[in-house]
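>>> Got a predicted structure plus its sequence, pasted below:
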Amino acid sequence: MRISTIKTTTHEEVVRVEAAECGLLGFIAIHSTRLGPAAGGLRMRPYPDEAAALEDVLRLSRGMTYKNAAAGLPLGGGKAVIIGDPAQLKSPALLAAFAQAIEGLGGRYWTAEDMGMTPADMAQVATATRFVAGLPDGPFASGDPSPVTARGIFNGIRTTARHRFGAPDLAGRTVAVQGLGHVGENRCALLHGDG
């Protein structure tokens, strides 16, 4: 496995992780540890190229700094991405290799489930690093965050409707949803239930 540091003026640390033997190529970005260890999910998707993946991990890790601070959590912001289609490339070897890179950061970054990952994947990651949450069970169990994320977005849509139309009722309204992954599927169920 090759881990190389990418020079940055906006983040505390950004590393490129590559393990050709299992098809792994990804990035870990630590934006800030001022409030505590950087925390943010591990995402896997078929980015068009390395530059797009790097741009995404930098943007997402910065957002996690603000999100964790706004929530009053003793956490900084970080994020990790793996380039590739999770349905085709994800394997125990790939997850273990990436987990070793996380472990090498010594607790400065904690990962959890994000796009393209499942609680079972986090359990696999946990076999090679202590710095993982979003597990299906145990002391760091939180499971699939998708239903909670979908509920938050749904509540935001209802709040927007109340401000725009005078009532939060969505009955008879049309709402565009981009993507029908775990969050989108849960959000559509909530929207459908609201008419």
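Received the coordinates, thanks.

>>> low-confidence ranges in this structure?
Across the chain, residues meeting the criterion (pLDDT under 70) sit at 136-145.

>>> Which positions in stretch 178-192 come out as buried?
His182, Val183, Asn186, Arg187, Leu190, Leu191 (16 or more other CB atoms under 10 Å). Glycine gets a C-beta too; all of them are placed from N, C-alpha and C.

>>> Which of the residues you listed fall in helices?
His182, Val183, Asn186, Arg187, Leu190, Leu191 (DSSP state H).

>>> can you map out the strands along the protein?
2-5, 13-19, 24-32, 38-39, 42-45, 76-83, 109-110 (DSSP state E).

>>> want to throw the ones you listed into CSV with distance to Pro92 and mean neighbour count?
Putting the strands of the chain into CSV (distance: least, CB to CB, whole Å; neighbours: other CB atoms under 10 Å) gives the following:
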stretch, distance to Pro92, mean neighbour count
strand 2-5, 20, 11
strand 13-19, 13, 19
strand 24-32, 12, 25
strand 38-39, 24, 29
strand 42-45, 14, 22
strand 76-83, 14, 28
strand 109-110, 21, 27
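
>>> Can you say which of those is nearest to Val177?
strand 42-45 (17.9 Å; CB to CB).

>>> sorry, back to before: out of the buried residues of stretch 178-192, which comes closest to Met64?
Val183 (16.3 Å).

>>> and the most far-flung residue of the chain relative to its centre, how far is that from Thr174?
Here the chain reaches farthest from its C-alpha mean at Gly166, the gap being 34.1 Å by CA atoms, centre = their mean. Separation of Gly166 from Thr174 (CB to CB, to the nearest Å): 18 Å.

>>> and Met1, how many neighbours does it have?
14 (other CB atoms under 10 Å).

>>> Could you measure from it over to Thr160?
45 Å.

>>> mind listing the helices for the protein?
Using DSSP H, helices in the chain cover 50-70, 86-89, 92-104, 119-125, 146-165, 182-193.

>>> would a markdown table of these with distance to Cys22 be doable?
Output for those, formatted as a markdown table (distance: least, CB to CB, whole Å):
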| stretch | distance to Cys22 |
| --- | --- |
| helix 50-70 | 17 |
| helix 86-89 | 9 |
| helix 92-104 | 4 |
| helix 119-125 | 13 |
| helix 146-165 | 27 |
| helix 182-193 | 25 |
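
>>> leaving aside the residues next to it on the chain, what's closest to Pro12?
Actually, residue 12 is Glu rather than Pro. Nearest residue to Glu12, sequence neighbours excluded (CB to CB, 6 or more residues apart in numbering): Ile30, at 4.8 Å.

>>> Looks like the one you found contacts Gly76 (just checking).
Yes: using CB atoms under 8 Å, Ile30 is in contact with Gly76, at 7.2 Å.

>>> And the protein, what are its domain boundaries?
Annotated domains of the chain cover 2-127, 145-194 [the TED database].
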